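Participant: here is my input, please return the structure:
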Amino acid sequence: MEIYYSPNFARQYKKLSQEVKLVAEKRERVFRKDWKDPILATHKLKGKFAGFWAFSIDNRHRIIFDLVDEKTVHFHTIGDHGIYK
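Facilitator: Numbering: from 1, shown residues only. Sure, this is the predicted structure:
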């Protein structure tokens, strides 16, 4: 799976703690193998984020993404639930 990172995602990622970054990297490896793996709690978003998906890094942090095709994904944002605002 090919993942593209938006500039916004990159900026937000840099601000995360090292601990969260390590967990995010582990979750990304799982995501690359199977983006619907239950450990990720992947779900469709609604409202202003309709058409996007999110998955969990931990209890607090999420990644919002969209599927371009079956092998290409764009990661748009990463952070706590404030990213939904």
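
Participant: so where do the helices sit in the chain?
Facilitator: For the chain, the helices defined by DSSP state H cover 7-15, 18-33.

Participant: what's the closest of the ones you listed to His43?
Facilitator: Across the helices of the chain, the minimum distance to His43, taken as C-beta to C-beta, is reached by helix 18-33, at 13.3 Å. Every residue, glycine included, has its C-beta placed from N, CA and C.

Participant: and that closest one, what does it pack onto?
Facilitator: strand 2-5, strand 53-56 (3 or more C-beta pairs under 8 Å, 6 or more residues apart in numbering; DSSP states H and E).

Participant: and for the chain, the residue most distant from the center?
Facilitator: Gly47 (17.8 Å; C-alpha atoms, centre = their mean).

Participant: how near is Pro7 to Asp80?
Facilitator: Note on Pro7: its distance to Asp80, by C-beta to C-beta, to the nearest Å, is 20 Å.

Participant: His74: neighbour count?
Facilitator: For His74, the neighbour count with other C-beta atoms under 10 Å is 16.

Participant: ugh, wrong one, I meant Gly79
Facilitator: Considering only other C-beta under 10 Å, Gly79 is surrounded by 19 other residues.

Participant: cool, thanks, talk later.
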